[in-house]
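1. return a 3D structure for these sequence lines:
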Amino acid sequence: MAVAIKLPRMSDTMEEGTIVSWFVKVGDTVKSSEMIADVETDKATMELENFEKGEVLYLLPEGSTVPVETAIAVIGKKGEDFQDLLKEAPAAEAEPVKVAAPAPVAPSASAAPSTPSASAPVASTSNNGRVFASPLAKSMAEDKGINLETVTGSGDNGRIIKKDIENYAPTAASTAVVGVESYDEVPVSQMRKTIAKRLAESKFTAPHFYLTKEIKMDAVLSARKRMNEYTENRISINDIIIKATAVALKSHPNVNSSWLGDKIRRNHHVHIGVAVAIDDGLLVPVVRFADSKSLSQIGAEVRELAGKAKTKELQPKDWEGNTFTISNLGAFGIDEFTAIVNPPDACILAIGSSKETVIVENGEMRAGHVMKVTLSCDHRAVDGVTGANFLQTFADLLEEPVRLLV
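-> Predicted coordinates:
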């Protein structure tokens, strides 16, 4: 008996997903526990596992974006009628992407299975201008500065894969006509949709207030220099900021909290979410039990998580469970900014750049480095004095970094 394979909820915030590519085609025989597709969720591109066995009778076209619980495939016996299954679980109203391939992705039940032509690779761009490429190929192309629209894909249905980027040879670029108006309209990714929804809910639901503090950085800059003389894994200022935040949160558990409507959760553990910018938006991988980890451990973990975020290899365990979030734009030359609270956290700390300036102490001026930080708070869970006390402890730890070792 034919069975409809429905798009599962692959993350806690997933409401819809995009079929990036199928690993099977209509007519193939599949078995349980076989990975059959790449699906782009709001946070990562993940493999979809099949739990049925039989012949593939129907596949939703690659590039289609559909809600969770939509039928995306049908598996059964050859020749079975599966149209009633599609009526019971109709596909999303979004227009499916038509892949420039020699055979359709989802023929009727009576159609014979099709196989791609063995001739030269087909073009990797569909008739609506979308470029089809694997996540790894996209990442490699970005690193090498390659425009994917100029690459011919050799994968299934003309999809650009790793070897196409490795073997890419640029051709002479043509000169653009001066004065011609043009623009690109980029489809909103699942990740960007979720970011927009969650942060809009946070901004317009949680009553935000902001506390800004200037911190002297000379001592921590000097300490970092000495630390890096004794370790091969270089410690960054951001690593020290994460550690100082975690230690400060242990002293101020009211800041390490969540608003749950009819109650406030005070977390005894410290899981720090670290905002990482990628092309599609912002991911927040989590450093768990950050207060109990050394600076070297934190640095290694942050680098690993950031790398996985940029290649969309993060798994749910990597981004779930944060109790507090840090957003650091100091490396981009931003002096100070305010960040939107990242639910379910009650606070987020925005880090600006460390800049050399004139410091006045005891009536005397000297050159020194200062950094401005801004704590955004959900006033339902955290009051002004509570946030101010946390920032003072955080500043004390950076201005006297030896306290991080106590």
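
2. okay, and for the stretch 51-200 of the chain, where does confidence drop off?
-> Applying pLDDT under 70 to the stretch 51-200 of the chain picks out residues 88-130, 156-157, 171-178.

3. switch to 90 and redo it
-> 51-52, 63-66, 77-145, 147-200 (pLDDT under 90).

4. now the helices for it?
-> Assigned by DSSP state H, counting those that start in this stretch, the stretch 51-200 of the chain shows helices spanning 83-88, 135-144, 162-166, 190-205.

5. for the ones you listed, which one sits closest to Thr212?
-> Distance to Thr212, taken as C-beta to C-beta, is lowest for helix 190-205 among the helices of the stretch 51-200 of the chain, at 18.3 Å. Placement of C-beta: from N, CA and C, glycine included.

6. and the closest one, what does it pack against?
-> strand 16-22, strand 281-283 (3 or more C-beta pairs under 8 Å, 6 or more residues apart in numbering; DSSP states H and E).

7. can I get the helices of the stretch 51-200 of the chain in JSON lines with mean neighbour count and distance to Val255?
-> Output for the helices of the stretch 51-200 of the chain, formatted as JSON lines (neighbours: other C-beta atoms under 10 Å; distance: least, C-beta to C-beta, whole Å):
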{"stretch": "helix 83-88", "mean neighbour count": "12", "distance to Val255": "49"}
{"stretch": "helix 135-144", "mean neighbour count": "17", "distance to Val255": "36"}
{"stretch": "helix 162-166", "mean neighbour count": "16", "distance to Val255": "44"}
{"stretch": "helix 190-205", "mean neighbour count": "16", "distance to Val255": "17"}
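
8. any chance of those helices in JSON lines, with distance to Arg234 too?
-> Formatted as JSON lines, these follow (distance: least, C-beta to C-beta, whole Å):
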{"stretch": "helix 83-88", "distance to Arg234": "55"}
{"stretch": "helix 135-144", "distance to Arg234": "21"}
{"stretch": "helix 162-166", "distance to Arg234": "29"}
{"stretch": "helix 190-205", "distance to Arg234": "30"}
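
9. out of these, the one nearest Ser21 is which?
-> Ser21 sits nearest to helix 135-144 of all these, at 9.8 Å, using C-beta to C-beta.

10. make CSV from the helices and strands packed on helix 190-205 and add distance to Lys197 to it.
-> Formatted as CSV, the helices and strands packed on helix 190-205 follow (distance: least, C-beta to C-beta, whole Å):
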stretch, distance to Lys197
strand 16-22, 11
strand 281-283, 12
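
11. done for today, thanks.
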